[in-house]
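A.B. asks: Turn this into a structure:
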Amino acid sequence: MEQIKGTICNVRYTNTKSGYSVCDLKTDNTQITLVGIMPMLVEGENIVATGEYVTHPEYGRQFKVQQCERSIPTLEEEIVQYLSSGFIKGLGKKTAINIVEKFKDKTFEIFQFDPHRLADVKGISPEKALLFGQAFLEHEHMRNIIMFMQKYGVSSEIAAKIWSRFGIRAENEVRQNPYRLAEPDIGLSFSICDRIALSQGIEPTNLERLKSALLYVLSAGTTKGHTYLPKNELIKLGVKLTKVSEELLDNAFDSLLLEEMIFVERQYPDRVYSEEMIKAERYVARKLTGLNTERDDYWIKDCDNLIKAYEREHNVYLDTIQKEAIKCALSNRICVITGGPGTGKTTIIRTLIEIFESKGLSVVLAAPTGRAAKRVSETSGYEAKTIHRLLEVGYSIEENEKPYFMRNEDNPVLADVMIIDEASMIDIVMMEALMKAFSWEASLILVGDSDQLPSVGPGKVLSDIIECGTFPVVKLKTIYRQTEESSIITNAHLINQGNMPAVNEEEGDFFFIPRLSGRDVINCITSLCTNHINKQFGIDANDIQVISPMRKGDTGVRNLNNVLQEVLNPESEDKPQKLFGNTMFRLGDRVMQIRNDYSLPWTLTDKDGFISEGLGVYNGDMGVITDIDFKAELITVRFDDNRVCEYKFDRLESLEHAFATTVHKSQGTEFPAVIISLFGVPKSLACRNLLYTAVTRAKKLVVLVGNPTIMEEMIRNTNERERYSGLKERLM
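C.D. replies: Coordinates of the predicted model:
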């Protein structure tokens, strides 16, 4: 490692979120280009940079910075350059010269402690003087917190969140209680907070440390799908995290209870909830229970004739179980219709909408994701919205862009009947929002496959509603949507019943290709995507989705995306590309939104050329990069539902490649062809419902590649990862 020092004379590029910068440093002897994490650089300031010289193939010799320390400039010309660099709005070079000429080496003291004296300079009003002083102080404090957090490997983006929450108190707040940074609005790991705290002299047995550890464990449980954690499990995980005794953690637990930062109930004293989770479960249970009545419409008695009329008009035949499902939905305020692929769920949705509308009732159809909504729209012939769009999501800048729904108890969704497809994907928080927007006079019909994976978010809403035994539920078992040539749906049901699927049949559409090494699996998948599937089945590479159970490892999603990008969308002169962190985004790449962004604008052009606009792109939305504009610093993505969004170069952390995706992220979608990697699957993911969910994503072709033993283990294993959810008991 080498060390160089000098004055910043030119900032060529800086990423405000990551802090990555490219700048020129003037030393005593020469000018050097610096690259690395150097947040909030300002021309004219002096720095000491530690790192090493590297040679870039295009830009030549550079100094790669590992650590950067700043000092305020002392020479008058450097002070002028620093003040006029742009971080103080309205302070140009001429004004900076006048200020420095008057106050000399006391200039920074004046800005910090006596900003009103800046009004002594010609052209600066008292109001402007105070604004200059405030801007200077804010910049210094923000830079200090960024530099302070950088010592612990915390990105500028996270440091900016800390600044946004605490303002000029940020550094003092962090030093006093670093564990606040583990709270969800900032989201640092407990280990980083702990490192900061211990370096500040906070004792391992400090009460705030132990309370924060328990809150962190409880929050981590939510990300794994739990709505609560058993107390003994919470304490044990806390012991593992903090390395202190159970007795000390019990004291911290009692303190959290008294402060109402965690909650337990008399009837379930062992279940520990966060405020958000307990409120959500209670509200959903109360609302569903209150709605669980029969409809009293006069025409309900005529269900049989209504169904017969529908059959005659559409020349279709509905069997006994389908008719039972339709009558159940027509007769009750709450109804659940569940069944696997091809069992007629879409036919029932179509029938119900037509019958309800014929009786003058308004119906809304919705699904949890954009792809799921698009799919049910195409199959049913009726427009479906995402739940977010149905509830009219908004966000508040004043509350750190916290989302809210404009449809709620005071402004419910205006519909007599609400049908939700792919209901297995709904978590408890989304269900609470849905119930708040649901009118007490309306009917709710939940349609889904309870044998698929539960929601990505906390809870297992659909399963709990079905298993509690207090709501009308109709389970569809007969397979209707199945052609003689296809075995995908038949095999999906075999897997779900614990039986081995029929594979590799001549002229078939369900194949298993044995490969016993990660490299062989990757080679086989790339060959299938680039050549064999198109050649044998006429399916284009853009219609093939690669799915893997896990993210990490040779055959995990991360590595598969890197490999598939190079074979499906290789680098070329006519394809602009943008490097963000370790990810190279290229024109034509398939991408996915990986977190909800309620503030991102989109436009949608319909078939008649009418353009509509809105806000919000959500976790799991998939699309293609259609433009990379370096002048405007924008990447344009057209999503599968034809919405178009523009991403600033510093907002690309919300995107990742989607040539391959996890089974969880593929839920609610269908693809013409699916390739499933089955190699190196960890035991925690080797379960039947995961394989079943993956297989049911395909419409025309399934190809499994990997170890046959893993497929056998997954089919045998019904012990999916346990989820702690209290909704079932509340409903009972």
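
A.B. asks: When you work out contacts or count neighbours from here on, use the C-alpha atoms and nothing else.
C.D. replies: Will do.

A.B. asks: Can you pull out the low-pLDDT segments for the stretch 551-700 of the chain?
C.D. replies: In the prediction, the stretch 551-700 of the chain carries no residues with pLDDT under 70.

A.B. asks: one more time with 80, if that's ok
C.D. replies: Low-confidence segments of the stretch 551-700 of the chain (pLDDT under 80): 581-582, 596, 598-599, 607, 650-651.

A.B. asks: what ranges do the helices span in it?
C.D. replies: Along the stretch 551-700 of the chain, counting by DSSP state H, counting those that start in this stretch, helices occupy 557-568, 663-666, 688-695.

A.B. asks: and those, which is most packed in?
C.D. replies: Highest mean neighbour count of the helices of the stretch 551-700 of the chain: helix 688-695, a mean of 24 (counted as mean count of other C-alpha atoms under 10 Å).

A.B. asks: by contact count, what packs against it?
C.D. replies: On a contact count with 3 or more C-alpha pairs under 8 Å, 6 or more residues apart in numbering; DSSP states H and E, helix 688-695 meets helix 488-496, helix 663-666, strand 671-678, helix 708-716.

A.B. asks: again, 7 Å this time
C.D. replies: helix 488-496, helix 708-716 (3 or more C-alpha pairs under 7 Å, 6 or more residues apart in numbering; DSSP states H and E).

A.B. asks: can you list the residues that contact the last one?
C.D. replies: What it means is helix 708-716. 495, 498, 514, 678, 686-688, 691 (C-alpha atoms under 7 Å, 6 or more residues apart in numbering).

A.B. asks: run the last query once more with 6 Å
C.D. replies: 498, 686-688 (C-alpha atoms under 6 Å, 6 or more residues apart in numbering).

A.B. asks: Just the angle for it relative to helix 688-695, thanks.
C.D. replies: Between helix 708-716 and helix 688-695, the angle comes out at 110 degrees (axes from the mean of the first three to the mean of the last three C-alpha atoms, to 10 degrees).

A.B. asks: buried ones in helix 708-716?
C.D. replies: 708, 710-712, 714-716 (16 or more other C-alpha atoms under 10 Å).

A.B. asks: quick one: which of those is nearest Phe190?
C.D. replies: Closest approach between the buried residues of helix 708-716 and Phe190, by C-alpha to C-alpha: Met714, at 33.6 Å.

A.B. asks: What strand or helix carries the closest residue to Lys211 other than its chain neighbours?
C.D. replies: The shortest distance from Lys211 to any non-neighbouring residue, by C-alpha to C-alpha, 6 or more residues apart in numbering, is to Ala252 (5.2 Å). Here Ala252 sits within helix 246-258, counting by DSSP states H and E.

A.B. asks: got it, and Val503?
C.D. replies: Going by DSSP H and E, Val503 is not in any helix or strand.

A.B. asks: looking at it, it is touching Ile513, isn't it?
C.D. replies: No. Using C-alpha atoms under 6 Å, Val503 is not in contact with Ile513, being 9.4 Å away.

A.B. asks: Dump the helix holding Ala252 to CSV, keeping only the CA atoms.
C.D. replies: Extracted C-alpha coordinates of helix 246-258, given in CSV (Å, rounded to 0.1, in the frame of the first residue of the first chain):
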residue,chain,number,x,y,z
GLU,A,246,-29.8,-16.2,29.0
GLU,A,247,-30.4,-14.4,32.3
LEU,A,248,-29.2,-11.1,30.9
LEU,A,249,-31.2,-11.5,27.7
ASP,A,250,-34.3,-12.3,29.8
ASN,A,251,-33.8,-9.0,31.5
ALA,A,252,-33.5,-7.3,28.1
PHE,A,253,-36.7,-9.1,27.0
ASP,A,254,-38.7,-7.8,30.0
SER,A,255,-37.4,-4.3,29.3
LEU,A,256,-38.7,-4.5,25.7
LEU,A,257,-42.1,-5.8,26.9
LEU,A,258,-42.4,-2.8,29.3
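
A.B. asks: Make 883 the starting number, not 1.
C.D. replies: Sounds good: first residue 883 from here, last item helix 1128-1140.

A.B. asks: buried sites along that helix?
C.D. replies: 1130-1132, 1134-1135, 1137-1138.

A.B. asks: Would you mind pulling the contact partners of that helix?
C.D. replies: 1092-1093, 1144.

A.B. asks: can you list the residues that contact whichever helix or strand comes after it?
C.D. replies: On the C-terminal side of helix 1128-1140, the closest following helix or strand by DSSP H and E is strand 1145-1147. Contact with strand 1145-1147 is made by 1153-1155, as judged by C-alpha under 6 Å, 6+ apart.

A.B. asks: The same query, at a cut-off of 8 Å, please.
C.D. replies: 1139, 1152-1157, 1160 (C-alpha atoms under 8 Å, 6 or more residues apart in numbering).

A.B. asks: by contact count, what packs against the helix or strand following it?
C.D. replies: With elements assigned by DSSP H and E, the helix or strand that comes after strand 1145-1147 is strand 1150-1155. When contacts are defined as 3+ C-alpha pairs under 8 Å, 6+ apart, strand 1150-1155 sits against strand 1110-1112, helix 1113-1124, strand 1145-1147.

A.B. asks: re the thing from before, want to throw the helices and strands packed on helix 1570-1577 into CSV with mean pLDDT and distance to Arg1077?
C.D. replies: Shown next, in CSV, are the helices and strands packed on helix 1570-1577 (pLDDT from 0 to 100; distance: least, C-alpha to C-alpha, whole Å):
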stretch, mean pLDDT, distance to Arg1077
helix 1370-1378, 91, 47
helix 1590-1598, 93, 40
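
A.B. asks: on that earlier part again, could you check the angle helix 1113-1124 makes with the helix holding Ala1134?
C.D. replies: 110 degrees.

A.B. asks: Any idea which residue is closest to the centre of this protein?
C.D. replies: Arg1477 (2.3 Å; C-alpha atoms, centre = their mean).

A.B. asks: could you list every residue that touches it?
C.D. replies: So Arg1477 contacts 1500-1502, 1536 (C-alpha under 8 Å, 6+ apart).

A.B. asks: what comes up buried for stretch 988-998?
C.D. replies: Going by 16+ other C-alpha under 10 Å, stretch 988-998 has these buried residues: 989-990, 992-993, 997-998.

A.B. asks: Among the residues you listed, show me the least confident.
C.D. replies: Among these, Phe990 carries the lowest pLDDT, at 84.

A.B. asks: how about it, what does it touch?
C.D. replies: Counted by C-alpha under 8 Å, 6+ apart, Phe990 has zero contacts.

A.B. asks: do the same with Lys988
C.D. replies: Contacts of Lys988 by C-alpha under 8 Å, 6+ apart: none found.

A.B. asks: Count residues in the vicinity of the nearest residue to Met1614 once chain neighbours are set aside, would you?
C.D. replies: The shortest distance from Met1614 to any non-neighbouring residue, by C-alpha to C-alpha, 6+ apart, is to Cys1350 (5.5 Å). Here the number of neighbours of Cys1350 (other C-alpha atoms under 10 Å) works out to 14.

A.B. asks: do the same with Lys1489
C.D. replies: Lys1489: 7 neighbours (other C-alpha under 10 Å).

A.B. asks: And the one 10 residues further on, by the same measure?
C.D. replies: A count of neighbours around Val1499, defined by other C-alpha under 10 Å, yields 24.

A.B. asks: Which residue, neighbours along the chain excluded, lies closest to it?
C.D. replies: The shortest distance from Val1499 to any non-neighbouring residue, by C-alpha to C-alpha, 6+ apart, is to Asp1479 (5.3 Å).
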